[in-house]
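Trainee: Structure here, sequence nowhere to be found:
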């Protein structure tokens with residue numbers, strides 16, 4: 001019975017909760033408050049947004065493991081394989097449908113409460129994207145990496161899309177400029193998060209290379225070679241660091257030295273370390289250490305919301 005919870009990636013779900021909560025309470029709310037505005041979505045309804053996000057994400061994890069069984073037998077330790085061994089494939093599929101249904105129902109309810117009916121389509125779109133990612137897109141050249149990176153920033157987008165105060169401010173004449181400023185900052189943060197998730201997707205392809213080759217996938221390292229994947233990883237890293245330099249320049253001008261140094265040591269230095277580690281190995285089992293470093297960078301990225309709130 002408890003084996004099914006191993007499919008849920010509890011640590012990942014905790015990070016998603018922290019990301020959405022920190023973004024709402026320590027970024028969006030203070031930004032609105034500084035201009036005399038306030039959050040409009042109630043705490044209860046925000047918790048429903050959290051629950052919807054967790055249900056849809058977990059359903060994605062389950063269906064991914066369901067369709068990845070052949071690859072997992074090659075890429076993973078047999079004791080870590082859950083679907084088909086510790087729980088039946090039928091149970092996994094049923095779990096996926098139940099979690100997806102809960103996510104869709106919550107999405108319908110929230111769209112009714114907010115009177116924005118197009119939001120009812122959002123959970124359905126994401127569930128469909130997760131399904132096709134697991135069955136098809138992740139095996140394709142580049143597109144799988146981009147979709148995985150997009151799914152990684154989805155909690156940010158959901159937090160924004162379900163906060164009506166931001167859009168009411170944008171539609172008003174008085175507060176439109178403020179809303180645009182907030183959207184620009186969130187978009188920049190989302191772009192950085194997208195880049196870091198893209199790095200994770202790239203190194204994951206290297207880590208899963210044996211299983212991908214055995215199941216005729218067309219991932220970047222298979223089509224263009226491992227070195228091409230490493231070069232792509234480095235190019236994305238350089239783009240991220242230059243984007244972060246833009247933030248750091250503003251922090252320096254505003255004498256916000258703590259956030260500046262946080263970005264240096266919590267994000268930029270680990271990015272350099274990840275690149276060095278990547279070029280020092282060509283063994284599949286060693287790539288997991290690089291993916292671990294990228295995962296740590298993701299955690300530090302979430303922590304940056306708190307640092308910016310308290311020290312900027």
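Mentor: Cool, got the structure. Quick caveat: nothing in here was measured; it's all calculated off a predicted structure.

Trainee: For the helix or strand that contains residue 51, name the packing helices and strands.
Mentor: Using DSSP states H and E, residue 51 sits in helix 43-67. Applying 3 or more CB pairs under 8 Å, 6 or more residues apart in numbering; DSSP states H and E, one finds that helix 43-67 makes contact with helix 10-23, helix 89-114, helix 121-135, helix 143-161. Any C-beta I mention is one placed from the backbone N, CA and C, and that applies to glycine too.

Trainee: Format these as JSON lines; extra columns: mean pLDDT and mean neighbour count.
Mentor: Below are the helices and strands packed on helix 43-67 laid out as JSON lines (pLDDT from 0 to 100; neighbours: other CB atoms under 10 Å):
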{"stretch": "helix 10-23", "mean pLDDT": "95", "mean neighbour count": "17"}
{"stretch": "helix 89-114", "mean pLDDT": "95", "mean neighbour count": "17"}
{"stretch": "helix 121-135", "mean pLDDT": "95", "mean neighbour count": "18"}
{"stretch": "helix 143-161", "mean pLDDT": "95", "mean neighbour count": "19"}
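
Trainee: And these: which comes nearest residue 56?
Mentor: Set against residue 56 and scored by CB to CB, the helices and strands packed on helix 43-67 come closest in helix 89-114, at 4.1 Å.

Trainee: Off-centre distance for whatever helix or strand residue 310 lives in?
Mentor: Counting by DSSP H and E, the element that carries residue 310 is helix 287-311. Here the centre of helix 287-311 is set off from its chain's centre by 12 Å, with CA atoms, centre = their mean, to the nearest Å.

Trainee: Please apply the same query to stretch 242-259.
Mentor: Its chain's C-alpha centre and that of stretch 242-259 lie 24 Å apart, by CA atoms, centre = their mean.

Trainee: which other residues reach it?
Mentor: With CB atoms under 8 Å, 6 or more residues apart in numbering as the test, stretch 242-259 has contacts from 188, 191-192, 195, 260, 263-264, 267-268, 304, 307-308, 311-312.

Trainee: switch to 10 Å and redo it
Mentor: For stretch 242-259, contacts defined as CB atoms under 10 Å, 6 or more residues apart in numbering pick out 185, 188-189, 191-192, 195, 241, 260-264, 267-268, 271, 304, 307-312.

Trainee: from those residues, which would you call buried?
Mentor: Among the contacts of stretch 242-259, those buried by neighbour count (16 or more other CB atoms under 10 Å) are 189, 192, 195, 241, 260, 262-263, 267-268, 271, 304, 307-309.

Trainee: Just the ones of these in helices?
Mentor: Members of these lying in helices (criterion: DSSP state H): 189, 192, 195, 241, 260, 262-263, 271, 304, 307-309.

Trainee: what residues are up against the nearest residue to residue 154 once chain neighbours are set aside?
Mentor: Leaving aside its sequence neighbours, residue 154 sits nearest to residue 126 (CB to CB, 6 or more residues apart in numbering; 6.5 Å). Residues in contact with residue 126 (CB under 10 Å, 6+ apart) are 52-53, 56-57, 59-60, 100, 103-104, 107, 150-151, 154, 157-158.
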